[in-house]
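Engineer: dropping the sequence and predicted coords here.
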Amino acid sequence: MSERARRAARETRADGGDEERGASAPAGEATAAAPRITIESRRAPQRERDLAELRQALLRTPREIPSKHLYDERGSQLFERICELPEYYQTRTEKALLDRNADRIVAQTRIRELVEIGSGAATKTRVLLRAMERQGLLARYLPIDVDVAMLERVAAELTSEFPGLRVHGIGADFDHSLERLPRGPRRLVAFLGSTIGNLRPRDEAPELLRSIRSRMRAGDRFLLGVDLIKDRVRLEAAYNDASGVTAEFNRNILEVVNRLAGADFDPGAFRHLAFWDERNAWMDIRLVAGSAQRVHLRALDLEIEIARGEEIRTEISAKYDRPGAEALLAAGGFALEEWMTDDESLFALALARRARQA
């Protein structure tokens, strides 16, 4: 965040552990009643939920750690590096699709606000924001992300790049934050980066889509980024890069758990494992213990024994074909309007509207 933005920041704490930060714009750009930057963070309730979810996940077979914990500040930085790797085709392919289609999407939908779920560094988001600005429609950007520091940084960057833009960020995991979205004019809800793949296709993904749909009104649109099913070699290379950044990113989740739960995991004692599960049509990402360990998690009053070679799942990344994506959208209460893909059929953007309820 720039020094000007830091000086402008003010903090107030509301009941229930909510925190809201508003950064005021220079005179003439916005009033004190309508700051250009607002960041909300539900820290206390979020931590309680995170601990409860972590306990449940670690006691499953195989053990799991919720994938949202991959994205602390360091995890977000590492993921930005992953997005630049030659093996990781997803980011550059999706951005190329946005470059090709953004102006038409905005002209078609006439949106004035952009909501982004799992916004991260908002690298691709700028393509949509520029298209909105070119057509005189840009009013507000509403990013949702677990990394509050990233939200603050991105908000400062974007309000500098787009003079008339207001940013209202929500710092929480996306399945507990949609109810906090303020009302506004016609909007596009974007769920990019194939993040939908981190949710189980049979239950978690449709449930989230139904939640998104419930927050949308007539005229709003939904834009979903979908990583497509392809050959095993291409997929496994994307999650096992030669430079080892993905392995470092995966092990960092243990540092996050150590801070959250007062735990004593040794990240260096685990190796990265990522493989294509054809039956489930997802990449399965795990950590494998190199030795037997006893781990204490003081905040959970829990002690676990991890055997040598035992695996902890940290993420899945489900892949879809067009029929599968359409079925998912339908299960979430959406109707596909347009399917956009690249020449190699590596990735797709699905533009959808709320389906009429039977």
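Structural biologist: Cool, got the structure.

Engineer: where does the stretch 151-300 of the chain dip in pLDDT?
Structural biologist: Across the stretch 151-300 of the chain, residues meeting the criterion (pLDDT under 70) sit at 175-177.

Engineer: can you give me the helices in it?
Structural biologist: All helices of the stretch 151-300 of the chain, identified by DSSP state H, counting those that start in this stretch, fall at 204-214, 232-238, 245-261.

Engineer: now distance to residue 127 too, for those helices, in TSV please.
Structural biologist: Backbone N, C-alpha and C define where each C-beta goes, glycine included. Conversion of those to TSV gives the following (distance: least, CB to CB, whole Å):
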stretch	distance to residue 127
helix 204-214	21
helix 232-238	22
helix 245-261	24
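
Engineer: other SSEs contacting the helix or strand hosting residue 57?
Structural biologist: Residue 57 is part of helix 43-58, with elements assigned from DSSP states H and E. Contacts defined by 3 or more CB pairs under 8 Å, 6 or more residues apart in numbering; DSSP states H and E place helix 43-58 against strand 63-64, helix 245-261, strand 302-306.

Engineer: give me that answer again for 7 Å
Structural biologist: For helix 43-58, the helices and strands in contact under the criterion 3 or more CB pairs under 7 Å, 6 or more residues apart in numbering; DSSP states H and E are helix 245-261.

Engineer: centre-most residue in the protein?
Structural biologist: In the chain, the C-alpha closest to the average C-alpha coordinate belongs to residue 118, at a distance of 2.3 Å (CA atoms, centre = their mean).

Engineer: returning to what we had before: so of the helices of the stretch 151-300 of the chain, which one's packed in deepest?
Structural biologist: Among the helices of the stretch 151-300 of the chain, helix 245-261 has the highest mean neighbour count (mean count of other CB atoms under 10 Å), at a mean of 21.

Engineer: how distant is it from the center of its chain?
Structural biologist: Using CA atoms, centre = their mean, to the nearest Å, we find the averaged C-alpha position of helix 245-261 to lie 17 Å away from the chain's own average C-alpha position.

Engineer: name the residues that touch it?
Structural biologist: 50-51, 54, 65, 69-70, 72, 74-75, 78-79, 81-82, 85, 239-240, 263-265, 267, 270, 272, 285, 287, 297, 299-300, 314 (CB atoms under 7 Å, 6 or more residues apart in numbering).

Engineer: okay, the angle between it and strand 302-306?
Structural biologist: Regarding helix 245-261 and strand 302-306, their directions subtend 150 degrees when assessed with axes from the mean of the first three to the mean of the last three CA atoms, to 10 degrees.

Engineer: returning to that earlier point: I'd say the residue nearest to the centre of the chain and residue 195 touch.
Structural biologist: Yes. Using CB atoms under 7 Å, residue 118 is in contact with residue 195, at 4.5 Å.

Engineer: so residue 89 sits right up against residue 238, yeah?
Structural biologist: Yes. With contact defined as CB under 7 Å, residue 89 and residue 238 form a contacting pair (6.3 Å).

Engineer: buried stuff in the top helix by length along the chain?
Structural biologist: Across the chain, the helix with the greatest residue count (assigned by DSSP state H) is helix 89-109. By neighbour count with 16 or more other CB atoms under 10 Å, helix 89-109 contains the buried residues 89-98, 101-103, 105-106, 109.

Engineer: for it, packing partners?
Structural biologist: For helix 89-109, the helices and strands in contact under the criterion 3+ CB pairs under 7 Å, 6+ apart are helix 125-134, strand 221-227, strand 347-354.

Engineer: tabulate these in a markdown table, adding columns for mean neighbour count and distance to residue 173.
Structural biologist: As requested, those are exported to a markdown table (neighbours: other CB atoms under 10 Å; distance: least, CB to CB, whole Å):
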| stretch | mean neighbour count | distance to residue 173 |
| --- | --- | --- |
| helix 125-134 | 20 | 19 |
| strand 221-227 | 25 | 18 |
| strand 347-354 | 22 | 23 |
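
Engineer: export those to TSV and tack on distance to residue 205?
Structural biologist: Shown next, in TSV, are the helices and strands packed on helix 89-109 (distance: least, CB to CB, whole Å):
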stretch	distance to residue 205
helix 125-134	21
strand 221-227	10
strand 347-354	13
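
Engineer: residue 147: which of those is closest?
Structural biologist: Each of these was checked against residue 147 via CB to CB, and the shortest separation belongs to helix 125-134, namely 14.8 Å.

Engineer: starting at the chain centroid, how far to that closest one?
Structural biologist: In terms of CA atoms, centre = their mean, the gap separating the centre of helix 125-134 from the centre of its chain is 19 Å.

Engineer: between helix 89-109 and it, find me the angle.
Structural biologist: Using the same axes, to 10 degrees, the interaxial angle of helix 125-134 with respect to helix 89-109 works out to 20 degrees.
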